[in-house]
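Asks: Fold the following.
(one chain, ligands or ions: 1)
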Amino acid sequence: MKRQTQFDHSVRVDDVMFKSPILLASGTAGHADELDPYVPLREIGAIVVKSMSSFEWAGNKAPRLRPTNAGMLNAVGLQGMGVAHWIEHDLPRLKKVGATIVASIWGFSIDDYQSAATLLSEVSADLAAVEINLSCPNIGSSSNSANSRHGIFAHDENLSAEIVRACAVSKTPLWAKLSPNTDRVVDVASAVEEAGCKAVTLINTALGLAIDVESGLPGLGNGGGGLSGNGIHPIAVRTIFDVRTRLPRLPIIGVGGISRGEDAVEMMMAGASCVQVGTATFADPRAALRIDREMRQWASRHGVNNWSEVVNAAHKGGLATKQR
Ligand SMILES: Cc1cc2nc3c(=O)[nH]c(=O)nc-3n(C[C@H](O)[C@H](O)[C@H](O)COP(=O)(O)O)c2cc1C
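Replies: Residues are numbered from 1 along each chain as shown. As a prediction, this is how the structure comes out:
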């Protein structure tokens, strides 16, 4: 058994270094420093803030969240005050607590995405990356339809690539957040890589629906929603594994149902350079710190000095024997 000598917890996504492989997932950690009292933001890899548009948006009707036996359904619908408001009110608070910041953007059209990216270009020095959310299942022209698929740009590789090219105004490394609700995800990942993305974030929520058996009606104000949490973890691992198999050089940020250090390690073995924690924070606001600690303990037990020894292990015949 190999013993750990000098442990380095930092990870690299393309040219950007993060002090820890644990990032907070968009929409689950607030717009600013709300989580800092529970998870000191300067101690984790980064916070990916709630997806923002170039305009103010009210989001969906309540109820917006619903627990299920397999995780959580949400249909928040990307409520927010817009990028300009965030830059004026929330960004200073994040900088004050020493957070590494990834901004996330969304829109209804290519122009919307470009406008949001243009606004963010004014603060590019404060951002580690811009994550382009191409995969929200909760917006669209028929927001009350339980099976609406409108608005999931990441189901179309040409449209996804066009949006990425339009966002090149941002001057910050671009990541594209993709959808598990299509069998085209590998093709879409390839298209956004070609269009200039420095990484892909895999995965957003899986389309889901709950019916309230008292009323006989859908349990969320929007009708359908996106499933997150433990139930989608194997879907995320599979998606990461498949994208890594086809695209050996594209950095991947893994997200989906991580609630333990081992879940994060598993995603890195599938091909992720780092991971994001989302729904686990709703059950325990300190979850990201606990998962970070569990990863360090796993590394110590397995004689791992650097996460690059673990990333892609499932593609390389498993962990090196001396580390098992
Ligand atoms: C309440 C809620 C709001 C979310 N809002 C966003 C969002 O604004 N932008 C985005 O890209 N993903 C959003 N997501 C998706 C998460 O970032 C993440 O991809 C997904 O929940 C899977 O990770 P998890 O199982 O760890 O939660 C949201 C998820 C939840 C539960």
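Asks: what about the residue in the stretch 101-250 of the chain that the ligand sits nearest to, neighbour count?
Replies: Here the residue of the stretch 101-250 of the chain nearest the ligand is S228; by Cβ to the nearest ligand atom that distance is 3.2 Å. For the C-beta atoms, the positions are set from N, CA and C on the backbone; glycine is no exception. Neighbourhood size, S228 [other Cβ atoms under 10 Å]: 30.
Asks: ok, it touching M72?
Replies: Yes - counting by Cβ atoms under 8 Å, M72 is a contact partner of S228 at 5.4 Å.
Asks: got a list of what the residue nearest to P137 when sequence neighbours are not counted touches?
Replies: Excluding its sequence neighbours, the residue lying closest to P137 (Cβ to Cβ, 6 or more residues apart in numbering) is G226, at 4.5 Å. Counting by Cβ atoms under 8 Å, 6 or more residues apart in numbering, G226 makes contact with 73-75, 136-138, 204-208.
Asks: that older thread, give me phi/psi at the residue of the stretch 101-250 of the chain closest to the ligand?
Replies: phi -130, psi 170 (degrees, to the nearest 10).
Asks: and what of the one 3 residues further on?
Replies: The phi and psi values for G231, taken as degrees, to the nearest 10, are phi -60, psi -30.
Asks: same question, G225
Replies: Dihedral angles of G225 (phi, psi; degrees, to the nearest 10) stand at phi -150, psi -170.
Asks: For the ligand, what is the nearest residue in the stretch 151-300 of the chain?
Replies: The ligand sits closest to G278 of the stretch 151-300 of the chain, with a gap of 2.5 Å, by Cβ to the nearest ligand atom.
Asks: I figured that residue hits I22, correct?
Replies: No - applying Cβ under 8 Å as the test, G278 and I22 come out as separate, 11.5 Å apart.
Asks: Report the set of residues contacting both of S228 and M72.
Replies: Counting by Cβ under 8 Å, 6+ apart, the residues touching both S228 and M72 are T279.
Asks: What residues does the stretch 1-150 of the chain have near the ligand?
Replies: Proximity of the stretch 1-150 of the chain to the ligand, by Cβ under 6 Å from any ligand atom, involves residues 25-28, 50-51, 72, 74, 76, 78, 104, 133.
Asks: taking these one by one, which sit in strands?
Replies: 72, 74, 104, 133 (DSSP state E).
Asks: Run through the bridge partners of the spatially closest residue to A206 that is not a sequence neighbour.
Replies: Using Cβ to Cβ, 6+ apart and skipping residues adjacent in sequence, the residue nearest A206 is L227, 4.6 Å away. Beta bridges link L227 to L73, A206, judged by DSSP bridges.
Asks: Tell me if I'm right that L227 and T205 touch.
Replies: Yes - L227 is within contact range of T205, at 5.6 Å (criterion: Cβ under 8 Å).
Asks: show me where the stretch 51-200 of the chain has strands.
Replies: 65-68, 71-74, 101-105, 129-133, 174-177, 199-202 (DSSP state E, counting those that start in this stretch).
Asks: Let me know which of these is tucked in deepest.
Replies: Per residue and on average, the most neighbours among the strands of the stretch 51-200 of the chain fall to strand 199-202, with a mean of 30 (mean count of other Cβ atoms under 10 Å).
Asks: since we're on the closest residue to the ligand within the chain, how many residues are nearby?
Replies: Residue of the chain nearest the ligand, by Cβ to the nearest ligand atom: G27 (1.9 Å). Residues lying near G27 (other Cβ under 10 Å) number 25.
Asks: go on, I211?
Replies: I211, neighbours per other Cβ under 10 Å, totals 11.
Asks: Now do it against G256, distance only.
Replies: 24 Å (Cβ to Cβ, to the nearest Å).
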